[in-house]
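In: Quick one, what's the 3D model for this:
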Amino acid sequence: MELVQQHSEIFHIILIVLALLTICCLIRAVKGPTIADRLVAVNMMGTIVMVTIAILALLMNEDYLVDICLIYAMISFLAVVVLTKVYTGVYMEHKALQEKRAQEADGKEEQ
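Out: Now for the predicted structure:
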């Protein structure tokens with residue numbers, strides 16, 4: 001525990017850097033040009049939050065925060081999987097609609 005207290009300034013600096021990275025990821029998640037960028041940003045924000053919770057568990061000497069970190073990791077993983085599944089379904093529907101419109105346009109040109 002002495003080692004953690006000796007390096008607490010470094011942990012505080014790391015927490016500030018992680019907060020800045022979280023803000024950058026939030027901007028990318030909102031602004032991102034593609035859905036894939038948004039999914040990666042959301043996944044990265046989840047990872048950053050897990051690291052932040054782990055550092056806080058060290059600094060505060062609270063063991064229950066590690067359990068919360070593990071639960072958050074599972075929830076974050078499931079959220080990214082669900083979002084990816086939804087995105088894949090929307091993409092497939094959009095692709096099928098474009099193909100249908102292209103076939104209808106080809107049918108009108110032949111007549």
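In: Give me the longest helix you can find in this protein.
Out: For the chain, the helix reaching the highest residue count under DSSP state H is reported as helix 64-110.
In: could you point out which element follows whichever helix or strand Ile13 is part of?
Out: Ile13 belongs to helix 8-31 when assigned by DSSP states H and E. Downstream of helix 8-31, the next assigned helix or strand under DSSP H and E is helix 35-60.
In: Nearest spatial neighbour of Met44, chain-adjacent residues omitted?
Out: Cys25 (5.0 Å; CB to CB, 6 or more residues apart in numbering). Glycine gets a C-beta too; all of them are placed from N, C-alpha and C.
In: Identify the residues contacting the one you found.
Out: Counting by CB atoms under 8 Å, 6 or more residues apart in numbering, Cys25 makes contact with 41-42, 44-45, 48.
In: Go again with 6 Å.
Out: When contacts are counted by CB atoms under 6 Å, 6 or more residues apart in numbering, Cys25 is found next to 41, 44-45.
In: got those as JSON lines, with distance to His7, neighbour count and pLDDT columns?
Out: Converted to JSON lines, the contacts of Cys25 look like this (distance: CB to CB, whole Å; neighbours: other CB atoms under 10 Å; pLDDT from 0 to 100):
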{"residue": "Ala41", "distance to His7": "30", "neighbour count": "19", "pLDDT": "92"}
{"residue": "Met44", "distance to His7": "25", "neighbour count": "17", "pLDDT": "94"}
{"residue": "Met45", "distance to His7": "25", "neighbour count": "19", "pLDDT": "93"}
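In: and of those, the nearest to Thr34?
Out: Set against Thr34, the nearest of the contacts of Cys25 by CB to CB is Ala41 (10.7 Å).
In: Would you agree that closest one is in contact with Ala29?
Out: Yes. Taking contacts as CB atoms under 6 Å, Ala41 lies within contact range of Ala29: 3.9 Å.
In: And the pLDDT for Ile35?
Out: On pLDDT, Ile35 comes in at 84.
In: Near it, how many other residues are there?
Out: By other CB atoms under 10 Å, 15 other residues sit near Ile35.
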